Structures are given as structure tokens and as C-alpha cells.
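> any chance you can model this:
(chains A, B, C and D)
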There are 2 protein chains.
Amino acid sequence: MPKQTFLNLPSEKRNIIIDAAVNEFVEHGLENASTNRIIEKSKISKGSFYQYFDDKHDLFMHLVSLLESEKKAYFQDEKPPSMQTGLFEYYRWMVKVGMAFNSTHPNMAQAVSRVLLGERLFFSEYFEDVREKTRDFFELMINEARERGEIDPSIDIELAIMIMETWQNTITTYIFDEGMKQKDIMEWVRSAETQERIDKLLYVMEYGLRKTESEFEKNA
Amino acid sequence: MPKQTFLNLPSEKRNIIIDAAVNEFVEHGLENASTNRIIEKSKISKGSFYQYFDDKHDLFMHLVSLLESEKKAYFQDEKPPSMQTGLFEYYRWMVKVGMAFNSTHPNMAQAVSRVLLGERLFFSEYFEDVREKTRDFFELMINEARERGEIDPSIDIELAIMIMETWQNTITTYIFDEGMKQKDIMEWVRSAETQERIDKLLYVMEYGLRKTESEFEKNA
DNA sequence: TGGTCATGTGACTAGAAGGTCATATTATAT
DNA sequence: ATATAATATGACCTTCTAGTCACATGACCA
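Modelled structure (predicted):
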């Protein structure tokens, strides 16, 4: 938490500092952000910075809470759909209002998200190439599948690729996050439970979360 | 690319260096990895390091290509399902073999993935709290929806939460990646095309990628 | 044995990082 | 006008970073 000294500051000066910080975090992420640069950008002295905040992380957490309170206010002005319309309608509303909010605070929201959702700091051309190849491969597969009538034709290719990429990445992250906690990661990956878990996940990618008519029939 | 000097090294010595590097990257990510520490860990001199590699990134790229060639070999030993079985079966095979491979090289694969999929370097307790709250909220929503019979009952809550979290994060990332390229991000977010794109994405979350019976009927 | 080329070494440079502190300035209250 | 408290400052410190280079050691061939 920033110290009282910072909160006593005229809001103009506070905003200059906040802006400089947001700028720095957007450009360099959290760990590679430099307090020295923030100081230069906002034209305050080093001593002052440490009179306002404990350190970089303290300042960052202040940004997070600023954003959060603005988000709360923004959401309160938007009327949620009645609960009657169900989970999917509500989730859609949440996602869309969240998007709209982010677009009103693009830099700040991005700075925060980058840290929360993972920062990609180093991007060589090589990686772009690999990604492009993966996407091309998916595209080929999806096109063939579509011709065979496997895929909902109302879903365009770009979207289908995005979905497949997302799940591949999510599963990879999941395997490492959960797997590294286990004694024997190989055994854990091969276990029936883990495999079943992934099967279910892919099943949802295929058939969706919603209870379908055929599901109703099954349970009837 | 590492220099010839490195490739001439006895494989034992090479592996010590690779191990040290993997260790460092797993622990600190790429940008915050220290060549000094890699040198200490692998007990080579500074001069030698720069005789082997241009820099940190050069060494990292070597790791990536090592992993990639091993992955290729691993995949070649596994028989893919016949193309007849379709896209989803093939994708499932790909994902599962990928998982199995990662579990045979957990550290190396994790070190590389961390950089490719984004490194989460700073995790305060606060963030864990926020995440926990979001998950609790989803859990509540899903439970209610399930009682109303909206959700496929064969999907357990943990999985449903994971899916909702994933799409929320993916959409956020998408909005920033694509949106920041636009002149006016607010306008872009509000545009019919973007909104429709998100609608479709959520539609797929709901109903899946596969062409359903009702879809067939629609087009009949 | 002497010469040549590949490999190894660590002290050294220069820059940047985070953080401290004695001092200077300004504002407020008496 | 004077005293007290709040705020501002930048030189300075330590520690870490990447990267260089003159020199030492080893291997192999004539």
C-alpha cells in the first residue's frame, strides 16, 4: 500500500506518477520495469519515490486496486441480465462488459493483465515462425474436417484455430502447474484420472458445456 | 546458434551446462535468468560461456531446438490414429502424446513453455485471493445453472470453472493483442465484427465445435 | 623439441539496478 | 516572525548485470 504522503499529493501529481508507471509496466512488464525510469518519466526524485511507495511492487499493487475499484464502479452502471436467462447469458454479459471496460483503460488494464496472465517478454522471429506453422497445420486439419462435415460450418477457421491453440496451451500450462506438484509427474500424467480429465476437457471443446438434447435423452 | 566450440565439447560437459541452464530458466524465466548463475552452476568460466554462446538467448534457443528435435523423435515413435477417425480424434492424440512427452522432460519442457506461453514471475498472495474469489463466484453460478439443468451433468465443477477461467483470460489477451493494433480500441471493441467474434467464441464454449444434429437439420 | 591452433580462465570494465540518508525546501501553526 | 512538521532532493552506496580481453593451459602435428 502506498504511504499517506502519496495520497496527500495533489491528484495532478499523483496522476503523472501513475501514468509513468502504467507506461513502464506496459512496456517492460513488472519484473523488468525500472523504478529509475519511472522516476525519470514522472520527474520526481528518488527520495520521493521511496517516500510514496515501499518499492515497485507496492506501486503496482496500487495500480491493481485503482483499476479494480474503477472496474467495480463501471460494472455497477451496467445492468446485468436477469438470472432467469441463465448461466451462459450472464457469462456473456460479464465478458462483454469486461471487454468494454478494458477498452476504456487500455494501458492500465493491459499493464495489469500482462502480469496476472503471464508476460511474454522475449519473442524471437523463430517463435513467430513456429507458431505460424502450427496454425497452418491446424488450418489444414480443420479445412479437411469441415469438408467431411465434422465441424459446425458457422464457425470460421480463424476462430477454430484460436480455440485449438488455446486448449493446447491451457493443457500444457495445466500439466506443468499441477504436474510439478506431484511426486512422479510421468505416473501422474499417465494415470487414469489425469487422462480422463483431459478427455472430458476435449469432450467439452467438441460438444460444449451446455446440456444437449441427446444428453437429456441419455439421462431419460 | 551455439558456436562449434560448444558442439565439440564432450557430451558430458555439454549436459552439465544444459542442465544448469534449464534449472536457471525454470526458476527465473528467460529475462530474469542470470548468465553468471548459469556459469557458477555449471562450473565453467565466464570466458568459456561466451566462447560457446553469443548470450543467454542464444543458449535458450539451443534448448528450444534440442527439445524440438526430441519431440519430433518422440512423436515419430507413436502411431497417429488414421485420418478416418476425424479431427477430434487426431487432436486428442496430439494433445495426449504432447503431454506424455512433456512429462518425460519436465524441466526442459517447462522452461521452454514458460517463455513461450508467458511467465508469471510475481505472484502476491493478493492475486491468489482474487483468483480464489473469482473461482468461488463461478462455482456458485455453475452450481445454480446445473440445478436448473443448463449444464451437461457429466462435466464436473472444477472442469467447468477451468473452462470459464480459460475463456475469460483468452478473450482478455485477445482484446489486448488485437485491440492495441487498432487506431481506436474502444471503437474496435464496440464494433459489430468484434462483438460477433466474441459471441461466436462463447457459442462454441456453449455448444462445442462439432456439428450437431440440430445443425445438420438447420442446413437440411 | 618447438610451433600452432583450440580451448579455458578470471580479473576487469561499464552500466544499471534498488535503496539510503543527510540536507534543503516548503507549508502550517503558534 | 518563529518553531515544527511534512515533503523533496540527488549524491552516494552496494550489488548485480552482461560482456571483454590478455593471458594460461592443453592437444596435436612436424
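
> close to DNA strand D: what parts of chain A are there?
A:4, A:5, A:8, A:9, A:13, A:44, A:45, A:46, A:47, A:48, A:51 (C-beta under 7 Å from any atom of the strand). For every residue, glycine as well, the C-beta is placed using N, CA and C.

> mind running it again at 6 Å?
Residues of chain A lying near DNA strand D by C-beta under 6 Å from any atom of the strand: A:5, A:8, A:44, A:45, A:46, A:47, A:48, A:51.

> just the element for the residue nearest to residue A:156 when sequence neighbours are not counted, please.
Sequence neighbours aside, residue B:200 is the residue nearest to residue A:156 in space, at 7.6 Å (criterion: C-beta to C-beta, 6 or more residues apart in numbering or on different chains). Assigned by DSSP states H and E, residue B:200 falls within helix B:192-207.

> quick revisit: can you give me the neighbour number for the residue nearest to residue A:156?
When neighbours are counted by other C-beta atoms under 10 Å in any protein chain shown, residue B:200 registers 16.

> is it true that it touches residue A:160?
No - the pair residue B:200 / residue A:160 is not scored as a contact, 10.0 Å apart, by C-beta atoms under 8 Å.

> tell me, how many residues neighbour the residue lying closest to residue A:145 once chain neighbours are set aside?
Among residues not flanking residue A:145 along the chain, residue B:87 sits closest, at 3.5 Å (C-beta to C-beta, 6+ apart). As a burial measure, residue B:87 scores 23 neighbours (other C-beta under 10 Å).

> so what's the residue nearest to residue A:156 up against?
Contacts for residue B:200 were tallied using C-beta atoms under 8 Å, 6 or more residues apart in numbering or on different chains; they are A:154, A:155, A:156, A:159.

> so the second one: helix, strand or coil?
Which is residue A:155. Under DSSP: H, G, I helix; E, B strand; the rest coil, residue A:155 falls in the coil class.

> look up phi and psi at it.
Backbone torsions of residue A:155, given as degrees, to the nearest 10, read phi -100, psi 120.

> I figured it hits residue B:211, correct?
No - Residue A:155 lies out of contact with residue B:211 (C-beta under 8 Å); the separation is 9.3 Å.

> residues contacting the residue lying closest to residue A:45 once chain neighbours are set aside?
Leaving out its chain neighbours, the residue that sits closest to residue A:45 by C-beta to C-beta, 6+ apart is residue A:39, at 7.1 Å. Residue A:39 makes contacts with A:45, A:46, A:49, as judged by C-beta under 8 Å, 6+ apart.

> neighbours of the residue of chain A found nearest chain B, how many?
Nearest residue of chain A to chain B: residue A:118, at 2.7 Å (C-beta to the nearest C-beta). By other C-beta under 10 Å, 19 other residues sit near residue A:118.

> equivalent analysis for residue A:211, please.
20.

> where does chain A dip in pLDDT?
Low-confidence segments of chain A (pLDDT under 70): A:212-220.

> quick one, phi psi at the most centrally placed residue in it?
Centrality entry for chain A: nearest residue to the mean C-alpha point is residue A:117, 4.4 Å, by C-alpha atoms, centre = their mean. In terms of degrees, to the nearest 10, the main-chain angles of residue A:117 are phi -100, psi 0.

> how about residue A:16, secondary structure?
Looking at residue A:16 with three-state DSSP, the answer is helix.

> my read: it touches residue A:43, true?
Yes - between residue A:16 and residue A:43 there is a contact under C-beta under 8 Å: 7.4 Å.

> looking at those two, which is more packed in?
Legend: neighbour count by other C-beta under 10 Å for residue A:16 and residue A:43, higher for residue A:16 (16 against 11).

> residue of chain A nearest DNA strand D, please.
residue A:47 (2.2 Å; C-beta to the nearest atom of the strand).

> for the closest residue to residue A:179 other than its chain neighbours, give me its contacts.
Distance criterion C-beta to C-beta, 6+ apart; nearest residue to residue A:179, sequence neighbours excluded, is residue A:185 at 4.4 Å. Applying C-beta under 8 Å, 6+ apart to residue A:185 gives the contacts A:179, B:103, B:106.

> are any of those buried, and which?
A:179, B:103, B:106 (16 or more other C-beta atoms under 10 Å in any protein chain shown).

> return the member of these nearest to residue A:127.
Of all the buried ones among the contacts of residue A:185, residue B:106 has the smallest distance to residue A:127: 21.0 Å, by C-beta to C-beta.

> which parts of stretch A:158-165 are buried?
A:159, A:160, A:161, A:162, A:163, A:164.

> quick one: what helix or strand has the third one in it?
Translated: residue A:161. Assigned by DSSP H and E, residue A:161 falls within helix A:157-179.

> for that helix, which outside residues touch it?
A:134-135, A:138-139, A:142-143, A:146, A:151, A:185, A:188-189, A:198, A:201-202, A:205, B:91, B:94-95, B:98-99, B:102-103, B:106, B:109-110, B:113-114, B:117, B:162, B:166-167, B:170, B:174, B:197, B:200-201, B:204, B:209.

> run the angle between it and helix A:192-207 for me.
Compare the direction of helix A:157-179 with that of helix A:192-207 by axes from the mean of the first three to the mean of the last three C-alpha atoms, to 10 degrees and you get 160 degrees.
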